[in-house]
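1. please work out how this folds:
(chains A and B)
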Protein chains: 2
Amino acid sequence: MTDAHLAMGEGREFDAIRTMLQVWGARASGIGDDAAILDVPAGQRLVVSTDATVEGVHFRREWLKPEEIGFRAAVAALSDLAAMGALPLGLLLGLGVPQDWSRSLVAIARGVGDAAAAAGCPIVGGNLSRAKELSLTLTVLGTAARPLERGGVRTGDVLYVTGRLGGPRAAVRAWMEGSTPRVEHRARFAAPRPRIAEARWLVDAGCHAAIDISDGLVADAGHLAQASGVRLELDLDALPCVKGVSLDEAVSGGEEYELIVAFPEATGVDVVTFEQRFGVPLTRIGVACDGTGIAIKGASRVDQPRGHDHFS
Amino acid sequence: MTDAHLAMGEGREFDAIRTMLQVWGARASGIGDDAAILDVPAGQRLVVSTDATVEGVHFRREWLKPEEIGFRAAVAALSDLAAMGALPLGLLLGLGVPQDWSRSLVAIARGVGDAAAAAGCPIVGGNLSRAKELSLTLTVLGTAARPLERGGVRTGDVLYVTGRLGGPRAAVRAWMEGSTPRVEHRARFAAPRPRIAEARWLVDAGCHAAIDISDGLVADAGHLAQASGVRLELDLDALPCVKGVSLDEAVSGGEEYELIVAFPEATGVDVVTFEQRFGVPLTRIGVACDGTGIAIKGASRVDQPRGHDHFS
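-> Down below sits the predicted model:
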């Protein structure tokens, strides 16, 4: 950890950091100076994003195990690298830890380490502070020769989405209703996957714009449309949903960490190979046209999001 | 802000982000995609560090104005770039904001923006979340051809410290005693300066190792000694203190954000030019020898820190 504050009491904080470094082993590197030193390969651009997970805001204590809290927080951040088509370069973990969470610190660290390792992302720094509520602020760095931007969609582009949607929303709904989510819904909430390898395959296949679904399919498609200055016409009849969720949950639920990607119309995308390789579908969901905003086909089954219009 | 969560309610969060972007104006750049895109010049290495400031841990609400909270939090992070001799490349701000702080958000953002602008550091991303307590997690990125490391001190090196010490500790002591700090002590706590320009001058002058004083002069000298595998003999008789503080406060107080730097013995450092240029002294405080740990001369006036020995 870089520049550790003494806010937990010198001994306790340094002990906690040492313990986390032991948990991470070779997954952590370059920690112990005022800052980590990294190299961006020639010809590559640097991408960087920060994302926070706060108890009571992004999850409730009774919903997740400590490992899952760490894993999910890291995925939420790493997903932004996927959305840029970037190769992970490093991750920094800012932890705010209340007294009653201190015994779970190792498990939380293990979850972060597992997510980072699965993404091939070394842990290069962090900060640990006493706090009244548990929070994890993850900063992720990555590299890409040509990062995917939200503003890259062009008229005529074809849009695809990775994976099956709706699981996280269905899990949260179950918890809020006082029931137990289905296993596959809970898994999509507790252990999402950042689509990093998928994004790099998609870049190689010709993808030239992307966003990850953190706010919901329609909301994030709206961000793509706005940034690109195009109208997106979505046909959601074929949208792959996790078993047991409604199309509305799949369309409006956030924190999916799946990707919406855009390809030039002329580029054929081999969705069969994609699914064989990554075990999740790649599904055509619409096209980009001149204009602004989002229009939804098949919307008789979807509650219309505010501010978006309807074309069929 | 990248990948803003909807945790504050979509309208309110986006409104708050828009307002902060207005406050920052040209100080913010490249915000609005899943991640910021930056370029590291050829021949430069990337340095990155993260640092958190939490209400009730690093400051108390009644001590500081909101602008000062933002300014000080940004300086604490930017100081790590100074300690590496790095040129700022970008800053990301993770904010956790309770309801009763929401009206101070603009002022906090202004403080962060002022500190970033003074350091020549663009604000390139961030995250805003509802929270129970106010926290600012700053991630800073910089570049340097040869970053200064803690492990770079060699036997025979001469050590210097920038600035005058003790102000922050004296201010906190006054507040804890229920009195009002002296203006110059409060200023050193509320508005420290990251020694970024100073560090780059020192690198050009031959400095080859550094650390910033966040834990206290002796504690941070101990980190230097340990990382470098040397013994540091400190003569603190000439240590420049802020007016009205004791040598003990100057030696043990943290969050100074001054630098301890090491030069090869043969390198003459022009301390007069340094002080003329930067308005703060550069003071010789010791030498590096074979061995381990810290030894303090003139220590009759200093409470011995635990774990450090005494040589005169």
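2. list the buried residues of whichever strand or helix holds A:E13.
-> Using DSSP states H and E, A:E13 maps to helix A:10-24. Residues of helix A:10-24 classed as buried: A:E13, A:A16, A:I17, A:M20, A:L21, A:V23, A:W24 (neighbour count, 16 or more other Cβ atoms under 10 Å in any protein chain shown). Bear in mind the C-beta positions are built from the backbone N, C-alpha and C, glycine included.
3. show me what contacts the last one?
-> Spelled out, it's A:W24. If you count contacts by Cβ atoms under 8 Å, 6 or more residues apart in numbering or on different chains, A:W24 has them with A:A109, A:G113, A:I123.
4. returning to what we had before: flag the least confident of the buried residues of helix A:10-24.
-> Of all the buried residues of helix A:10-24, A:E13 carries the smallest pLDDT score, 77.
5. isn't it right up against A:L128?
-> Yes. Using Cβ atoms under 8 Å, A:E13 makes contact with A:L128 at a distance of 5.8 Å.
6. using CSV, write out every CA atom in the helix holding A:E13.
-> The C-alpha coordinates for helix A:10-24 follow below in CSV (Å, rounded to 0.1, in the frame of the first residue of the first chain):
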residue,chain,number,x,y,z
GLU,A,10,0.3,2.5,13.2
GLY,A,11,0.7,-1.1,14.3
ARG,A,12,-2.8,-2.2,13.4
GLU,A,13,-2.8,-0.6,10.0
PHE,A,14,0.6,-1.9,9.0
ASP,A,15,-0.3,-5.4,10.3
ALA,A,16,-3.5,-5.3,8.2
ILE,A,17,-1.6,-4.2,5.1
ARG,A,18,1.0,-6.9,5.7
THR,A,19,-1.8,-9.5,6.0
MET,A,20,-3.4,-8.4,2.8
LEU,A,21,-0.1,-8.5,1.0
GLN,A,22,0.3,-12.1,2.2
VAL,A,23,-3.1,-13.0,0.9
TRP,A,24,-2.3,-11.5,-2.4
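7. mind checking which helix or strand the residue nearest the centre of chain A is in?
-> What sits nearest the mean C-alpha location of chain A, by Cα atoms, centre = their mean, is A:S79, with 3.1 Å. Applying DSSP H and E as the criterion places A:S79 in helix A:66-83.
8. anything in that helix near chain B?
-> Yes. Residues of helix A:66-83 contacting chain B under Cβ under 8 Å from any Cβ of the partner chain: A:D80, A:L81, A:A83.
9. how about the residues you listed in TSV, adding neighbour count and pLDDT?
-> Converted to TSV, these look like this (neighbours: other Cβ atoms under 10 Å in any protein chain shown; pLDDT from 0 to 100):
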residue	neighbour count	pLDDT
A:D80	30	97
A:L81	31	98
A:A83	34	97
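10. before we move on, the earlier item: turn the contacts of A:W24 into a markdown table, columns for pLDDT and secondary structure.
-> Output for the contacts of A:W24, formatted as a markdown table (pLDDT from 0 to 100; DSSP: H, G, I helix; E, B strand; the rest coil):
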| residue | pLDDT | secondary structure |
| --- | --- | --- |
| A:A109 | 96 | helix |
| A:G113 | 97 | helix |
| A:I123 | 97 | strand |
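11. and chain B, which of these reach it?
-> Answer for the contacts of A:W24 near chain B: none qualify (Cβ under 8 Å from any Cβ).
12. could the residues you listed go into a markdown table alongside neighbour count?
-> Listed next are these as a markdown table, based on neighbours: other Cβ atoms under 10 Å in any protein chain shown:
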| residue | neighbour count |
| --- | --- |
| A:A109 | 27 |
| A:G113 | 23 |
| A:I123 | 26 |
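13. tell me the one among those residues nearest to B:L92.
-> Closest approach to B:L92 among the contacts of A:W24 (Cβ to Cβ): A:I123, at 17.1 Å.
14. surely the closest one meets A:R27?
-> Yes. With contact defined as Cβ under 8 Å, A:I123 reaches A:R27; the gap is 5.7 Å.
15. quickly list what's touching both of these two.
-> Common neighbours of A:I123 and A:R27 (Cβ under 8 Å, 6+ apart) are A:G113, A:A116.
16. nearest spatial neighbour of A:L232, chain-adjacent residues omitted?
-> The shortest distance from A:L232 to any non-neighbouring residue, by Cβ to Cβ, 6 or more residues apart in numbering or on different chains, is to A:A225 (4.6 Å).
17. so A:V47 sits against A:M84, correct?
-> Yes. Taking Cβ under 8 Å as the definition, A:V47 is a contact partner of A:M84 at 4.6 Å.
18. ok, these two, which is more surrounded?
-> A count of neighbours by other Cβ atoms under 10 Å in any protein chain shown puts A:M84 above the other of A:V47 and A:M84, at 33 against 30.
19. let me know the pLDDT of that one.
-> The model's pLDDT for A:M84 equals 97.
20. over to A:S179?
-> A:S179 is given a pLDDT of 96.
21. what about it, distance to A:E13?
-> Computed as Cβ to Cβ, to the nearest Å, the A:S179 to A:E13 distance reads 40 Å.
22. does stretch A:25-42 come close to chain B?
-> Yes. Counting by Cβ under 8 Å from any Cβ, contacts between stretch A:25-42 and chain B involve A:G32, A:D33, A:D34, A:A35, A:A36, A:I37, A:L38, A:D39, A:V40, A:A42.
23. quick one, what contacts the third one?
-> When contacts are counted by Cβ under 8 Å, 6+ apart, A:D34 is found next to A:T2, A:D3, B:S49, B:S79, B:D80, B:A83, B:M84, B:R150, B:A210, B:I211, B:D212.
24. list the contacts for the last one?
-> So that's B:D212. Per Cβ under 8 Å, 6+ apart, neighbours of B:D212: A:3, A:34, B:79-80, B:82-83, B:195, B:220, B:256-260.
25. for chain A, where's the lowest mean pLDDT among helices and strands?
-> Across the helices and strands of chain A, the lowest-confidence element by mean pLDDT, DSSP states H and E is helix A:10-24, at a mean of 84.
26. hmm, back to that, closest to B:A144 among the contacts of A:D34?
-> Once Cβ to Cβ is applied, the member of the contacts of A:D34 that ends up nearest B:A144 is B:M84, at 6.0 Å.
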